[in-house]
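# Quick one, fold the following:
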Amino acid sequence: MSKHTLSARNRIALKETRHILKIVRAARQRSIILPLKAHEVIEGLALKAEKTAKAVLHLAPKGYPEDGLILARSLAGLAIDLSYLSANDPERFKTYVAVGLNA
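Have a look, this model is predicted:
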């Protein structure tokens, strides 16, 4: 299997994907002190984010950086949601759930 050369832009994107993964893991740790329901939602989002990050990091070196970057957009959205929800503010979780129920 040959290694594919990544453009500078794609290398930066992979570096940012690793950074987002750190943000996701930190949000997951912060959620431990939240009520059980909030923690369960954050845990589910974090698992999805970690799987998505692993897919991004797997695709790019295999010659599919553009496909990985499409997934990275989803990963960024998950990281934003996780950061928002993992703040110790019960109102944020209630709002998030209410918006999801009405969507």
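# helices and strands of the chain: which one has the lowest mean pLDDT?
Every helix and strand of the chain was ranked by mean pLDDT, DSSP states H and E. The lowest is helix 90-102, at a mean of 80.
# Compute the inter-axis angle for the helix or strand hosting Ser74 and helix 90-102.
Here Ser74 sits within helix 65-86, counting by DSSP states H and E. Interaxial angle of helix 65-86 relative to helix 90-102 (axes from the mean of the first three to the mean of the last three C-alpha atoms, to 10 degrees): 130 degrees.
# For helix 65-86, name the packing helices and strands.
Using 3 or more C-beta pairs under 8 Å, 6 or more residues apart in numbering; DSSP states H and E, the elements in contact with helix 65-86 are helix 8-30, helix 36-59, helix 90-102. (C-beta placed from N, C-alpha, C; glycine too.)
# And the contacts of the first one?
This means helix 8-30. The contact list for helix 8-30 (C-beta atoms under 8 Å, 6 or more residues apart in numbering) reads 6, 42-43, 46, 49-50, 53, 56-57, 60, 65, 68-69, 72, 75-76, 78-79, 82-83, 85-88.
# one more time with 7 Å, if that's ok
Helix 8-30 is contacted by residues 42-43, 46, 49-50, 53, 56-57, 60, 65, 69, 72, 75-76, 78-79, 82-83, 86 when judged by C-beta atoms under 7 Å, 6 or more residues apart in numbering.
# try the shortest one
For helix 90-102, the surrounding residues in contact (C-beta under 7 Å, 6+ apart) are Ala38, Tyr84, Leu85.
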